[in-house]
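>>> Predicted model and sequence follow; I will ask about them next.
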Amino acid sequence: MGRAPLRQKGRGRQGIDRRALLVGGGAGAGLLLAWAVWPRSYKPNLNAAPGEFVFNAFLKIDRAGQVIVIVPQLEMGQGITTLLPQILADELGADWRTIAVQSAPESPLYANTLLAREWLASDWTRVGGEVGDWALDQYATRKALMLTGGGTSVPMFHDAYRDAGAAARILLCKAAAKRWNVPWESCDIQEGLISDGGQRTLRFGDVVEEAAAFDLPEILPLRQGMEGRLAGQDLPRLDTPSKLDGSHNFAADIRLPDMIFASIRQGPIGDARLESVNEGAARSVTGFLKLVRSERWVAAVGTNWWAANKALDLADPVFMLDGPPVSDERIDAALEDAFSGSHGRRLYTQGDLLPVFEGATILASEYRVDAGLHLALEPMCATARVTDAGAEVWTATQAPGLARTAIADALGIDRASVTLYPVHAGGSFGRKMDFEAAVQAALIARDMGRPVQLLWSRLEDVIHDRPSPPAHARMAAKLGRSGVIEGWLAKVAAPCAMSQTWARIANGALPHEAAAQSADKATRLAIAGMEIPYAVSNWAIDHYPSDVYLPLGFVRGNAHLHSTFFTESFMDELAHLAQMEAMSFRIQMLGGNPRLAHCLSTAAAMGGWQGGIAGSGQGIAAYQAGNAFGAVLVEAAITGGKLTVSRMVAAIDCGDQVNPDIARQQVESGLIYGLAYAMGASVPYDKGMPRRAILGRMNLPRLDDIGEVTVELIRSTAQPASATEIAAPLVTPAIANALFTVTGQRFRSLPLLSQD
């Protein structure tokens, strides 16, 4: 028997209004009459095995006392299947050893309205204020937009999981209190034991059936005091044991009876169509079964993957490309042409730049960033079984509801006939927001009449990656007396990867179509992170959209990756022009941002900041993303023509962290991700293809390229923010600034050194 589902509420209150446990329309509901006929509340749709009892949309408990936490977010290494259960278990008072995790089914209750607000916001919703936000929330909820990305998982679901734990705790206390004939308010739960405040105790399993039948009170008090709390502890990750012993199932680990294997070729990048294939040559491979053709791809199916991939090599498929092929020259030309195009737009402005710049001496610099690849350890993969009864698909996806719709549309069947089993991702960095492999696997399985596992080769994974956007920036600023920035102007030419992603996964656009659709739309998504955190009276940011003929996608940090490189590198140039030490130059303009100033001074102190003097090899950068603040100090050099980084020190303020050790892991991985962007993680393009596709040639950092890494989490009582996105954007400008001190040259391009 289920209890009422939960929604987010303000974090600072001491109790939960029972009415807040229903998903419903807001105060502005009457302003949008078209939505009025939609249902205003949703019930959990969880299945309960014998002996299990559903307490709410996020929690089941069984008679053995096992606490089963339902997680709607994709685990891709960030630790979310530990963080969300830890929040719930803390408020419930559970024993951590009894916690289990289960993936959530598709439901409006798990919609990520926070990411939807960021992703789908427009001028109209911003003008609407709270009503605009409400409209986006309603759209995301009623479309059941279950999305993982942008570091939104904990900020989005923190309060919901805390409330779920509180509700279950009260129900269990009510059941125990009835047995003991005492007021339920006198009962409490700690370490998985329900007590009456005296000597009597019960375990969850003793009263779970009765507890599930009780009603919630009008006000549900949250736990008080710090005794026995799990929040804030470095609890071990729940997914680590199975990943260490090899029992953890990823998409490529799925095995079904009578299953066969497939590899795929999709031609060059762009509007490519399959022209011909040599099936006779493919038949010479032992284990080869069949070629499955589509208009835009061909897949070989075999009794093992190696046979399928070898057959494809021999089949030598030929594709016809409509339109000129993508190349570095075309990408650069498109970005430069965007500055003189008619679609540029001023998206941020404060004060009046014209009188500041008119007749003044200004510093101007240009920067550029190449497209950055994901290069996750696990290539795109999906396992599918299609029968007359419907389709079953096992895959890692950051957008399960949209993936399910796409599979149903491709097969021409009802959406209810598609069952999607979300498995954990072997790395993603945003790549699993797209789900083309799942659709392809379903089509191949239908053609073969047997379960099929489709695994992209590494070559295919590189060719048809959806990389971060390339971008060019023209920066200009006017310094006043005492080194204060009086005017700041940033012009950024870049395509919008997030708009392209939405067009593909929500509207069914082909990759080249999605790229073209966003070519004339200036948007804040493409220049996220360009808003400087410093106190500058007059500043403006312009976006110049462009089609670079390269399908782009979600990445870790998204536009913040290039935005922070532009702004923090330019800040160092201004500090040098002002003849000021780089940290002090920043600090003087952070009086209204004490949390970022604290991060900056902490990183400098821990790293032994020498002021960025010539020969020091030290560089520093600071950055704010929402409610997350961070600063990084690096020590770098160029040795034998190769970039070396001997030390990275990060000071991060992400609010009150549920599990500090996982937060440190997220920051450390972000530092390495940023280092990869500084060193490589990109390829040159020519004739519609990347010129490199082997990981060993990507100039990625190896273990001996990574020196000492220090992470300081600054203690804070602020609302928790994600630590997954904050570190990566800081690394590239910090390294570029460090290299200036040893070479006297400014490094204004990413990757920082030529990979040739």
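Everything's here; your move. Residues are numbered from 1 along each chain as shown.
>>> Now do stretch 246-262, average pLDDT.
For stretch 246-262, the mean pLDDT works out to 95.
>>> which parts of the longest helix anywhere in the chain are buried?
Using DSSP state H to define each element, the chain has its longest helix at helix 153-180. Using 16 or more other CB atoms under 10 Å as the test for burial, helix 153-180 gives 153-177, 180. Backbone N, C-alpha and C define where each C-beta goes, glycine included.
>>> Quick check: what element follows that helix along the chain?
On the C-terminal side of helix 153-180, the closest following helix or strand by DSSP states H and E is strand 188-190.
>>> Not counting its own residues, what contacts that next one?
Applying CB atoms under 8 Å, 6 or more residues apart in numbering, the contact partners of strand 188-190 are Leu92, Gly93, Ala94, Arg169, Leu172, Cys173, Ile194, Ser195, Gly197, Glu227, Gly228.
>>> if I look at the residue lying farthest from the centre of the chain, how far off is Asp196?
The outermost residue of the chain, judged against the average C-alpha position, is Asn181 (49.2 Å), by CA atoms, centre = their mean. Taking CB to CB, to the nearest Å as the measure, Asn181 falls 10 Å from Asp196.
>>> same question, Ser468
According to CB to CB, Ser468 stands 57 Å off from Asp196.
>>> For the nearest residue to Leu454 once chain neighbours are set aside, give me its contacts.
Closest residue to Leu454 apart from its sequence neighbours, by CB to CB, 6 or more residues apart in numbering: Ala441 at 4.0 Å. Counting by CB under 8 Å, 6+ apart, Ala441 touches Ala262, Ala382, Thr383, Ala384, Val393, Thr395, Val452, Gln453, Leu454.
>>> Which pLDDT value belongs to Ala441?
98.
>>> and the residue minimising distance to the centre of the chain, which of the three is it?
In the chain, the residue lying closest to the centroid (CA atoms, centre = their mean) is Gly149, at 2.9 Å. Put simply, Gly149 is coil when judged by DSSP: H, G, I helix; E, B strand; the rest coil.
>>> For the remainder of this discussion, apply numbering that starts at 726.
OK, 726 is where the count begins now, so the last one is Gly874.
>>> Contacts only, for it.
Leu840, Gln1123, Gly1155, Met1158, Phe1279.
>>> Of those, which pair is most distant in space?
Leu840 and Gly1155 (11.8 Å; CB to CB).
>>> What sits closest to Val907 if chain neighbours are left out?
Asp921 (5.4 Å).
>>> for Thr1120, same thing?
Nearest-residue entry for Thr1120: Ala1107, 3.9 Å, with adjacent residues in sequence omitted and distances by CB to CB, 6+ apart.
>>> Where do the strands of the stretch 1026-1175 of the chain begin and end?
1043-1047, 1070-1075, 1088-1094, 1106-1112, 1115-1120, 1143-1147 (DSSP state E, counting those that start in this stretch).
>>> Of all those, which one is nearest Val1002?
The nearest among the strands of the stretch 1026-1175 of the chain, by CB to CB, is strand 1043-1047 at 7.2 Å.
>>> helices or strands next to that closest one in the packing?
With contacts defined as 3 or more CB pairs under 8 Å, 6 or more residues apart in numbering; DSSP states H and E, the packing partners of strand 1043-1047 are strand 996-1001.
>>> now what about the next helix or strand after the strand it packs on, what contacts it?
Using DSSP H and E, the next helix or strand after strand 996-1001 towards the C-terminus is helix 1004-1007. Helix 1004-1007 is contacted from outside by Phe1013, Leu1016, Ala1025, Ala1036, Leu1037, Leu1039, Ala1040, Asp1041, using CB under 8 Å, 6+ apart.
>>> Tell me the strands beside whatever helix or strand comes next after helix 1004-1007, with direction?
On the C-terminal side of helix 1004-1007, the closest following helix or strand by DSSP H and E is strand 1013-1018. Partners of strand 1013-1018 in the sheet, by DSSP bridges, are strand 1023-1027 (antiparallel).
>>> May I have the partner strand as PDB, with CA atoms only?
Provided in PDB are the C-alpha atoms of strand 1023-1027 (Å, rounded to 0.1, in the frame of the first residue of the first chain):
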ATOM      1  CA  VAL A1023      24.600  -0.800 -41.700                       C
ATOM      2  CA  ALA A1024      25.100  -3.400 -38.900                       C
ATOM      3  CA  ALA A1025      26.800  -6.800 -39.000                       C
ATOM      4  CA  VAL A1026      25.400  -9.400 -36.700                       C
ATOM      5  CA  GLY A1027      27.400 -12.400 -35.500                       C
END
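>>> between it and strand 1043-1047, how many degrees?
Inter-element angle recorded for strand 1023-1027 and strand 1043-1047: 160 degrees (by axes from the mean of the first three to the mean of the last three CA atoms, to 10 degrees).
>>> how far out from the middle of the chain is strand 1023-1027?
Relative to its chain's centre, strand 1023-1027 lies at 32 Å (CA atoms, centre = their mean, to the nearest Å).
>>> quick one: it to strand 996-1001, angle?
50 degrees.
>>> Now do Pro993 against Val1017, distance only.
Going from Pro993 to Val1017 by CB to CB gives 20 Å.
>>> And for Met951?
As judged by CB to CB, Met951 and Val1017 stand 60 Å apart.
>>> who has more neighbours, those two?
For Met951 versus Val1017, neighbours defined as other CB atoms under 10 Å are more numerous around Val1017 (21 against 8).
>>> so what's the more buried one bridging to?
The partner residues for Val1017, given DSSP bridges, come to Ala1024.
>>> In contact with it: list those residues for me.
Ala987, Val1023, Ala1024, Ala1025, Val1026, Leu1168, Ile1169, Asp1172, Met1173.
>>> Mind putting the strands of the stretch 1026-1175 of the chain into JSON lines with mean neighbour count?
Formatted as JSON lines, those follow (neighbours: other CB atoms under 10 Å):
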{"stretch": "strand 1043-1047", "mean neighbour count": "14"}
{"stretch": "strand 1070-1075", "mean neighbour count": "14"}
{"stretch": "strand 1088-1094", "mean neighbour count": "18"}
{"stretch": "strand 1106-1112", "mean neighbour count": "25"}
{"stretch": "strand 1115-1120", "mean neighbour count": "24"}
{"stretch": "strand 1143-1147", "mean neighbour count": "20"}
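>>> Of the ones you listed, which is nearest Ala1361?
strand 1088-1094 (18.0 Å).
>>> Each with direction, which strands does that closest one pair with?
strand 1196-1204 (antiparallel), strand 1474-1475 (parallel).
>>> and Tyr1410, backbone torsions?
Phi and psi for Tyr1410, reported as degrees, to the nearest 10, are phi -110, psi 140.
>>> What lies in contact with stretch 1029-1045?
986-990, 992-993, 997-1004, 1006-1013, 1016, 1023-1027, 1178, 1180, 1182.
>>> Repeat the analysis, applying 6 Å as the threshold.
Contact with stretch 1029-1045 is made by 986-988, 990, 992, 997-1003, 1006-1007, 1010, 1012-1013, 1023, 1025-1027, 1180, 1182, as judged by CB atoms under 6 Å, 6 or more residues apart in numbering.
>>> Enumerate the positions of it that are buried.
Of the residues in stretch 1029-1045, those buried (16+ other CB under 10 Å) are Trp1030, Ala1032, Ala1033, Asn1034, Lys1035, Ala1036, Leu1037, Leu1039, Ala1040, Pro1042, Phe1044.
>>> got the contact list for the residue nearest to the second one when sequence neighbours are not counted?
With CB to CB, 6+ apart as the measure, Gly1012 is the residue that lies nearest to Ala1032, at 3.2 Å, once sequence neighbours are left out. With contacts defined as CB under 6 Å, 6+ apart, Gly1012 is in contact with Gly1027, Thr1028, Asn1029, Ala1032.
>>> Now that Thr1122 has come up, it's in contact with Arg1129, right?
No. With contacts counted by CB atoms under 6 Å, Thr1122 stays clear of Arg1129, the gap being 8.9 Å.
>>> what about these two, which has more around it?
Thr1122 (29 against 23).
>>> where's the more buried one relative to Asn1424, distance?
Thr1122 is 30 Å from Asn1424, by CB to CB.
>>> And the helices in the stretch 1126-1275 of the chain?
Assignment of helices within the stretch 1126-1275 of the chain using DSSP state H, counting those that start in this stretch yields the ranges 1161-1173, 1183-1188, 1222-1230, 1236-1242.
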